[in-house]
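Q: Give me the fold of what follows.
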Amino acid sequence: MKEEQQYLKQVCKVLNQKISLMEEEIFEDANQIQEFHKYLWENKSGMDKQELNSVRSNSEQEAKLLLQTRNYFKKLLKIKDSPYFASIEILNESGIKEQIYLGMTYLKNTNLDQLIYDWRAPICSIFYDYEIGPVQYESPSGLIKSHLYQKKQYKIEKQILKHVINSDINIEDEVLQSVLAQDSGDKMKHIVTTIQQEQNLVIRNTKDKHLIVQGIAGSGKTSVALHRIAFLLYKIPNLSSNQILIFSPNDIFTEYISEVLPTLGEENTIETTFHDYLHRMIKEYKSVESYPEFLKRYYGNKERCQDVFYKQSDSIISDLENFVHDLVEHLHFQKGFCENHVYEYSKEELEELFHQKYNQASLFERINQMSEKFSEQNYRGSSKKKATYHKLILEALNLKKDYRILLLSFFESSFYHSTLSEKEKCSLKQNQFITYDNALIFVYLKGLLEGFPYDNTILQIVIDEAQDYSLLQYKILKQIFKKASFTILGDIHQGINPFYHYQSLEDLKKFWQAEYIELNKTYRSSPEIIEYANSVLNLHHVYALQKGQEKPVLFRKHFSTLFSDINYLKENHKSLAIITYDEEISQKLYRIFKDQFKISLLLHDKDKFQKEFVIIPAYLAKGLEFDSVIVYQEKNHCFQNSDHNLFYVAVTRAQHELIIYESF
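A: Residues are numbered from 1 along each chain as shown. You can find the predicted model right below:
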């Protein structure tokens, strides 16, 4: 213990000095860059082009270095009170025992000795992956074999060593149990100190372009995904946060995970929902139904239309593709045209260009290429008449570029193997609103007809709640982000789309040519809660790492006990959620209790909330966790046999205590 205290003292001394020196350096460098920009502005008129470009290049390089210094400075400030959290004792390459300390970022002394290693460094993988004995890790120079003698974990507060824990196995021990026993906060936290071996396999995987992760409720899928992002930012040269895109299930969840990457010392990435992306790609309708609204439409009204089953199915993909292929093949020019009374194109010439020369392009891309060719041909390489030719070609084809009409043409064609109501047809003709199921078809149809918008700026994509994405959605994303690597995480047991289900996420392995990994340990809930949750879906392979609290799942049959249950759970835990079947019962409970408690009512995916006490329908609760949960049901507002996945989602939100109100 004394040696450890001495080492901490040494580290803190170097750390404090480093922070102090960097503070001065950053201030001086910023002033110098500001003065340099002022000099450049005042003297640029007297510089030739080559000199000016050279000066600008130097300026940009200095600014980049300053930004890197600032980012490292911020990381040092974050670890100031607790510089490291663990260490490993191994044989180094010289055959000498060496103790490696793990922290959120690295620290070197003036002699460039490594006092702390960044947890993402290759050597640190030993801590997460191995028990005492022979070990190996991939270094930049190749595979290194060594021997692990000891693992330690530290609790350091305000640069004071509180205690040291010797760990001879991976971290399913005192530190993990103390973390699991804690009440959850308003935002998701990092798990650097308790990453498990199976999680580490996902986080540090760089050999596979695409990764599919099936993880049961509470297995830390989202945390793993965020730590994977932090690792990739460390591992991949020049990868930046603005080249990474996270698809979240809803805006509530986006807000919930917003502090993880910053606490890991990284900038937040670009985040969106698939609905937001749909809205961006659909300009023809003012409003697009979101996925939660789509679910609400079913769970609120039990609207289970056969037409929606078909629209959500994989078979709609080939039907759309066949429709577009048939449309293009049977599209012929009705006439030729003459532009400006000079430049004439015969029907036969147009046919040859459209069906032969440009036949590799999509329908409207062919027209674009022909328009550009004619304009440049006749106007000395200028594209100024492209729009004119575009219009003339459409007229000659007797075709309108109106995707709403083309969507209706598909629905009315023999390729669509269902029927559309007159009400829905009328709605689609207008430009006001399109349902979620129709929006997916619309975007794919539009992509087939004009080409998908290619985004080469995004290099890494994380998709959370992967089981909620149909194959059609994956085809759309794959077409747009051709350059990106995908990390796809989900749980088939939490698939709550009543119209689309996977037997296994491994079904996606062939489509993505991806590595498939399973996470079957849950860190969220107590054994009592997990045992009950397993019984809901008849699961046997899921087990809890949290030690038993001897607090059984409780069952109620009368509304009269609800008030006392709320009081009890609020007194004993930091957060409580009442999870209901639908929006109607959530609103009812909110009206009853809003004057007695401070409550957040979540009915929409963009609602803000305080985690202390929340009332929320089950279909909005995915990804969230609470210290205690009441699953509340009433007659006509209860989970049916067909809703067992939704019920499973509801009960697995609970960490420590769960009370279930059966329908009455």
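
Q: Just list the residues touching the spatially most central residue of the chain, thanks.
A: Residue closest to the mean C-alpha point of the chain, counted by CA atoms, centre = their mean, is residue 246 at 3.2 Å. Contacts for residue 246 (CB atoms under 8 Å, 6 or more residues apart in numbering) come out as 225, 229, 254, 269-272, 461-462, 464. Every C-beta, even on glycine, is put in place using the N, C-alpha and C of the backbone.

Q: try 10 Å
A: Applying CB atoms under 10 Å, 6 or more residues apart in numbering to residue 246 gives the contacts 222, 225-226, 229, 253-254, 257, 261, 268-273, 460-464, 487.

Q: and the next element down the chain from the host helix or strand of it?
A: For residue 246, the host element (DSSP states H and E) is strand 244-248. Note on strand 244-248: by DSSP H and E, the next helix or strand toward the C-terminus is helix 251-256.

Q: so residue 113 touches residue 14, yeah?
A: Yes. The criterion here is CB atoms under 10 Å, and residue 113 meets it with residue 14 at 9.4 Å.

Q: intersection of neighbour lists for the two?
A: With CB under 10 Å, 6+ apart as the test, residue 113 and residue 14 both reach residue 107.

Q: Tell me which of those two has more neighbours.
A: More crowded of residue 113 and residue 14, by other CB atoms under 10 Å: residue 14, with 17 against 9.

Q: all strands for the stretch 251-400 of the chain, in order.
A: Secondary structure of the stretch 251-400 of the chain (DSSP state E, counting those that start in this stretch): strands at 270-273, 287-288, 337-339, 343-345.

Q: Tell me where the stretch 1-150 of the chain has helices.
A: Listed in chain order, the helices of the stretch 1-150 of the chain (DSSP state H, counting those that start in this stretch) span 2-43, 49-79, 125-129.

Q: Which of the ones you listed has the lowest mean pLDDT?
A: Lowest mean pLDDT within the helices of the stretch 1-150 of the chain: helix 49-79, at a mean of 74.

Q: that older thread, partner residues bridging the residue nearest to the centre of the chain?
A: Taking DSSP bridges as the rule, residue 246 bridges to residue 271, residue 462.

Q: Below-threshold pLDDT in this structure: ranges please.
A: Along the chain, segments meeting pLDDT under 70 span 27-60, 62-63, 168-186, 302-304, 541-549.

Q: let's see it at 80
A: Applying pLDDT under 80 to the chain flags residues 1, 24-67, 93, 167-187, 250-252, 300-306, 541-550, 605-609, 664.

Q: Go through it and flag its longest strand.
A: If you go by DSSP state E, the chain has its longest strand at strand 142-157.

Q: moving C-terminal of that strand, what's the next helix or strand?
A: Next in sequence after strand 142-157, counting helices and strands by DSSP H and E, comes strand 160-167.

Q: Pairing partners for that next one, with directions?
A: Under the criterion DSSP bridges, strand 160-167 sits next to strand 142-157 (antiparallel) in its sheet.

Q: hmm, back to that, got the buried residues for the longest strand of the chain?
A: 144, 146, 148, 151-154, 156 (16 or more other CB atoms under 10 Å).

Q: Please apply the same query to stretch 518-530.
A: 519, 521-530.

Q: What of stretch 84-91?
A: 84-88, 90.

Q: Include distance to residue 121 when you put those into CSV, please.
A: Formatted as CSV, those follow (distance: CB to CB, whole Å):
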residue, distance to residue 121
84, 12
85, 14
86, 13
87, 13
88, 11
90, 13
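
Q: Nearest to residue 652 among those?
A: residue 85 (28.4 Å; CB to CB).

Q: wait, what's in contact with residue 79?
A: With CB under 10 Å, 6+ apart, residue 79 has these contacts: 11, 15, 19, 85, 103-107, 116, 156, 265.

Q: For the host helix or strand of residue 585, give me every contacting residue.
A: According to DSSP H and E, residue 585 maps onto helix 583-593. With CB under 10 Å, 6+ apart as the test, helix 583-593 has contacts from 296, 299-300, 559, 562-563, 566, 578-580, 597, 599-604, 613-620, 630, 632-634, 636-638.

Q: Out of the residues you listed, which end up buried?
A: By 16+ other CB under 10 Å, the contacts of helix 583-593 give 296, 299-300, 562, 566, 578-580, 599-602, 613-620, 630, 632-634, 637-638 as buried.

Q: So which of these are in helices?
A: When DSSP state H is applied, these are split such that 296, 299-300, 562, 566 fall in helices.

Q: Am I right that residue 11 is in contact with residue 106?
A: No. Residue 11 lies out of contact with residue 106 (CB under 10 Å); the separation is 11.6 Å.

Q: you'd agree residue 479 is up against residue 450?
A: No. Between residue 479 and residue 450 there is no contact under CB under 10 Å: 11.9 Å.

Q: And the two? Which one has more around it.
A: Neighbours were counted for residue 479 and for residue 450 using other CB under 10 Å; residue 450 has more, 18 against 15.

Q: what ranges do the helices span in the stretch 151-300 of the chain?
A: Going by DSSP H, counting those that start in this stretch, the stretch 151-300 of the chain shows helices at 174-181, 197-203, 221-235, 251-256, 260-263, 274-281, 291-301.

Q: can you redo these as CSV with distance to residue 75?
A: Output for those, formatted as CSV (distance: least, CB to CB, whole Å):
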stretch, distance to residue 75
helix 174-181, 22
helix 197-203, 19
helix 221-235, 11
helix 251-256, 23
helix 260-263, 11
helix 274-281, 31
helix 291-301, 36
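
Q: Out of these, flag the one nearest residue 497.
A: Per CB to CB, nearest to residue 497 of the helices of the stretch 151-300 of the chain: helix 291-301, 7.2 Å.
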